[in-house]
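> compute the structure for the input listed below.
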Amino acid sequence: MALNIEEVEHIAELAKLDLSAAEKQLYADQLSAILDYAARLQQIDTDDIPPTASVLPVDTVLRPDEAQPSLPRESLLANAAGKEDGMFKVDVILEEE
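I've put the predicted structure just below:
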């Protein structure tokens, strides 16, 4: 599918690009080549190929999620700037109306 200069000018206007005449011709040629390649890809018979979300195998590199004991509350709060009733105490950010 060959793009004409008017279509390239319209695309350039949408993208807020100020192109010279040489650039318009260059982009017309390049965009036309891209559209031709996409049209060739559309002609490939993919009826026997199942849909896939990824071409990579479904493997995980993460460790299994297993419950483990956490740190003691006292150690977690040891360096807290403010604490109250076994919890972090922070300044009020939003005022109530």
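> and the helices in the protein, which stretches?
Assigned by DSSP state H, the chain shows helices spanning 5-14, 21-42, 73-77.
> nearest spatial neighbour of D36, chain-adjacent residues omitted?
M1 (6.4 Å; CB to CB, 6 or more residues apart in numbering). Where C-beta positions appear, they are placed from N, C-alpha and C, glycine not excepted.
> ok, that neighbour to I34 distance?
Look at M1 and I34: by CB to CB, to the nearest Å, they are 10 Å apart.
> tally of neighbours for A80?
Applying other CB atoms under 10 Å, we find 12 residues neighbouring A80.
> which residues does the nearest residue to it once chain neighbours are set aside form beta bridges with?
In space, and not counting its chain neighbours, A80 is closest to F88: 5.4 Å by CB to CB, 6+ apart. Following DSSP bridges, F88 is listed with bridge partners K83.
> please name the residues that touch F88.
Each residue near F88 by CB atoms under 8 Å, 6 or more residues apart in numbering is listed here: 77, 80, 82.
> make a markdown table out of those residues and add distance to V8 and pLDDT.
As requested, the contacts of F88 are exported to a markdown table (distance: CB to CB, whole Å; pLDDT from 0 to 100):
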| residue | distance to V8 | pLDDT |
| --- | --- | --- |
| L77 | 64 | 93 |
| A80 | 61 | 92 |
| G82 | 62 | 91 |
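> would TSV of these with distance to E95 be doable?
Shown next, in TSV, are those (distance: CB to CB, whole Å):
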residue	distance to E95
L77	26
A80	24
G82	19
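> coming back round to it: and the gap between the residue nearest to D36 and P57?
Where P57 is concerned, M1 sits at a distance of 37 Å (CB to CB).
> so where is this structure shaky, pLDDT-wise?
Within the chain, the segments meeting pLDDT under 70 span 97.
> could you redo the last one with a cut-off of 50?
Low-confidence regions of the chain, defined here as pLDDT under 50, do not occur.
> residue most distant from the centroid, it?
Ranking residues of the chain by C-alpha distance from their mean position (CA atoms, centre = their mean) puts D85 at the top, at 42.1 Å.
> now it: how far from L77?
Distance from D85 to L77, by CB to CB: 10 Å.
> all set now, cheers.
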